[in-house]
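Asker: Below: sequence and its predicted model.
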Amino acid sequence: MIALTEAAEFGDVGDFISQYGEHGVRRTLGRVLDGPVLPADEDPNSDDPRNRLFEFVIASKLWRAGLQPRLGDRPDVSCEVRGKTFFIECKRPLTARGVKGRITDAAAMLPDRIDATGGQALGVIALSLTRRLNVGDKLRVYRGEADGKEKRSRALRPPRRSRAQIGTVARQHRGAAVARHHAGPR
């Protein structure tokens, strides 16, 4: 099922990629297409291609909202909203236990960039929980829309320790926020 999900995500970013222009897209797109064919074959040493796809997904969502996202290395994505700069670090934990570590990694990357703006920028950590919630080839089945919304909301809620860590990150880094993303078959 995750391959179907990835195909849908790739389709979602197509319009953004065609409108974004040449700058940075070829290099990043080449990296996206260079990974293991199956997500099950992915490990921390080979996860960069799917990480890059997630960056495209986040940038595409911002673009569809009428913003002008920029792809980069640090931060992964940035954009301006009403004159305020947002630096976005995109993370894809491979396991439920990896969520805390990826939040910590992202939180460590943001302060230098924010400080370089005189503290005027804000940081966002975008977490993809797609792999965590789409295990193997199992298709999630729900008893109607309300059941699906409730179960998906519960599944996307970070563990209690991660919620405490998110609060600590926000206090330490002047307004850093964590956004969760999950894609599934449509």
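Answerer: Yes, it's here. Numbering: from 1, shown residues only.
Asker: Which of the three states applies to the residue of the chain most remote from its centre?
Answerer: Distance from the C-alpha centroid of the chain peaks at residue 143, with 28.2 Å (C-alpha atoms, centre = their mean). Three-state call for residue 143 (DSSP: H, G, I helix; E, B strand; the rest coil): coil.
Asker: and residue 123, which of the three is it?
Answerer: strand.
Asker: Surely it and residue 114 touch.
Answerer: Yes: between residue 123 and residue 114 there is a contact under C-beta atoms under 8 Å: 5.7 Å. C-beta here means a position set from N, CA and C on the backbone, and glycine is covered the same way.
Asker: Have a look at those two and say which one is more surrounded.
Answerer: Using other C-beta atoms under 10 Å as the criterion, residue 123 and residue 114 rank with residue 123 on top: 25 against 20.
Asker: ok, now how distant is that one from residue 109?
Answerer: Look at residue 123 and residue 109: by C-beta to C-beta, to the nearest Å, they are 9 Å apart.
Asker: Quick check: neighbours shared by these two?
Answerer: Counting by C-beta atoms under 8 Å, 6 or more residues apart in numbering, the shared contacts of residue 123 and residue 109 are 75, 89.
Asker: Where does pLDDT dip in this protein?
Answerer: Scanning the chain for pLDDT under 70 picks out the ranges 1-4, 21-24, 26, 132-140, 155-186.
Asker: What ranges does it have for its strands?
Answerer: Applying DSSP state E to the chain gives strands spanning 70-71, 77-81, 84-91, 122-128, 177-181.
Asker: Residue 37: which of the ones you listed is closest?
Answerer: strand 122-128 (19.0 Å; C-beta to C-beta).
Asker: Partner strands of the closest one, with direction?
Answerer: Applying DSSP bridges, strand 122-128 is found paired with strand 84-91 (parallel), strand 177-181 (parallel).
Asker: So what's the gap between that strand and the chain middle?
Answerer: Centre-to-centre, strand 122-128 and its host chain are 7 Å apart (C-alpha atoms, centre = their mean, to the nearest Å).
Asker: can you check stretch 36-52 too?
Answerer: For stretch 36-52, the distance to the chain centre is 15 Å (C-alpha atoms, centre = their mean).
Asker: Just give the number of residues close to residue 63.
Answerer: Other residues close to residue 63 by other C-beta under 10 Å number 19.
Asker: for residue 95, same thing?
Answerer: Residue 95: 10 neighbours (other C-beta under 10 Å).
Asker: Ok, residue 62 next?
Answerer: By other C-beta under 10 Å, neighbour count at residue 62 equals 20.
Asker: Could you measure from it over to residue 83?
Answerer: Residue 62 is 16 Å from residue 83, by C-beta to C-beta.
Asker: do the same with residue 112
Answerer: 22 Å.
Asker: more neighbours, the two?
Answerer: Neighbours were counted for residue 112 and for residue 83 using other C-beta under 10 Å; residue 112 has more, 10 against 6.
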